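*Asks:* Pasting the sequence and the predicted model now:
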Amino acid sequence: VVTRSTNNNITNNIINTSGTAGNYGIQLDTSANDSLVLNNSIFSGGSASVNLGIYVSTRSYRNNLSHNRISTRGTTSNYGIQLFTDANITHIEYNNITTNGTGANNFGIYPQFSGIVNITNNVIFTNGTSDNYGLIFEASMNSITENNNITTTGSGASNYGVYVFRRSVANNVTNNIINT
């Protein structure tokens with residue numbers, strides 16, 4: 001966890017988390033600005049819900065999340081990368097993300113209440129029962145999403161490659177390969 005700090009370099013690590021619930025591979029929290037998260041192998045799993053590969057939140061600006069291999073596994077709410085509450089001006093590029101769950105809500109990349117996010121050249125695979133999203137924008141704005149390869153599968157309903165909702169504005173989604 002990195003909190004209220006700048007110019008962090010988290011590079012070339014192998015990170016394994018396991019427990020019951022609430023497992024985070026890397027967390028940039030509360031004004032963790034100008035950080036580089038590069039070339040890490042992140043395995044975040046648990047026997048219950050909420051397993052995240054990379055979590056960036058609360059007024060954390062200008063972070064670069066690139067060339068990471070992320071795998072999350074648990075019951076429900078397994079997220080590869082989540083940006084939450086003003087995690088703005090973030091570059092998410094060339095990551096390989098796999099989220100698997102025995103239940104619902106497995107998301108590849110989830111910008112939530114954040115803006116100016118550049119999501120390019122990622123490979124995203126999600127799998128679970130239902131409500132699996134490769135890329136989900138919630139109340140997010142002014143983002144560019146291009147040249148990604150997104151696959152979502154599930155044994156139930158509501159599996160989406162890209163899902164944009166709740167006051168999301170001016171997001172550009174182009175030139176992606178999407179399979180559901």
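*Replies:* Thanks, I have the structure now.

*Asks:* Please name the bridge partners of the residue most central in space within the chain.
*Replies:* Residue closest to the average C-alpha location in the chain (CA atoms, centre = their mean): residue 81, at 1.7 Å. For residue 81, the beta-bridge partners under DSSP bridges are residue 54, residue 109.

*Asks:* which residues does it contact?
*Replies:* 52-56, 65, 70, 92, 95, 97, 108-110 (CB atoms under 8 Å, 6 or more residues apart in numbering). To be clear about C-beta, it is placed using only N, CA and C from the backbone, and glycine gets the same treatment.

*Asks:* Which one of those residues is nearest to residue 153?
*Replies:* residue 108 (11.9 Å; CB to CB).

*Asks:* Run a quick check on the closest one versus residue 80, I expect a contact.
*Replies:* Yes: if you go by CB atoms under 8 Å, residue 108 and residue 80 touch, sitting 4.8 Å apart.

*Asks:* Which residues are in contact with each of those two?
*Replies:* By CB under 8 Å, 6+ apart, the residues touching both residue 108 and residue 80 are 97, 99, 124.

*Asks:* Adding secondary structure, write these out as CSV.
*Replies:* Compiled in CSV, those are given as follows (DSSP: H, G, I helix; E, B strand; the rest coil):
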residue, secondary structure
97, strand
99, strand
124, strand
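
*Asks:* so which of those is the most crowded?
*Replies:* Among those, residue 99 has the most neighbours (other CB atoms under 10 Å), with 33 neighbours.

*Asks:* give me every residue that touches that one.
*Replies:* Residue 99 neighbours (CB under 8 Å, 6+ apart): 71-73, 78-80, 106-108, 125-128, 132.

*Asks:* do residue 44 as well
*Replies:* 15-17, 23-25, 51-53, 70-73, 78.

*Asks:* Okay, and it sits in which element?
*Replies:* strand 41-45 (DSSP states H and E).

*Asks:* Just give me how far that strand sits from the chain centre.
*Replies:* Distance, stretch centre to chain centre, for strand 41-45: 12 Å (CA atoms, centre = their mean, to the nearest Å).

*Asks:* could I have that strand exported to CSV, CA atoms only?
*Replies:* The C-alpha trace of strand 41-45 is given here as CSV (Å, rounded to 0.1, in the frame of the first residue of the first chain):
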residue,chain,number,x,y,z
SER,A,41,3.2,-10.6,-12.0
ILE,A,42,0.3,-10.2,-9.7
PHE,A,43,-1.8,-13.2,-8.4
SER,A,44,-4.6,-12.1,-6.1
GLY,A,45,-6.9,-14.8,-4.9
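
*Asks:* average pLDDT across it?
*Replies:* Averaged across strand 41-45, the pLDDT comes to 97.

*Asks:* residues of that strand that come out buried?
*Replies:* 42, 43, 44, 45 (16 or more other CB atoms under 10 Å).
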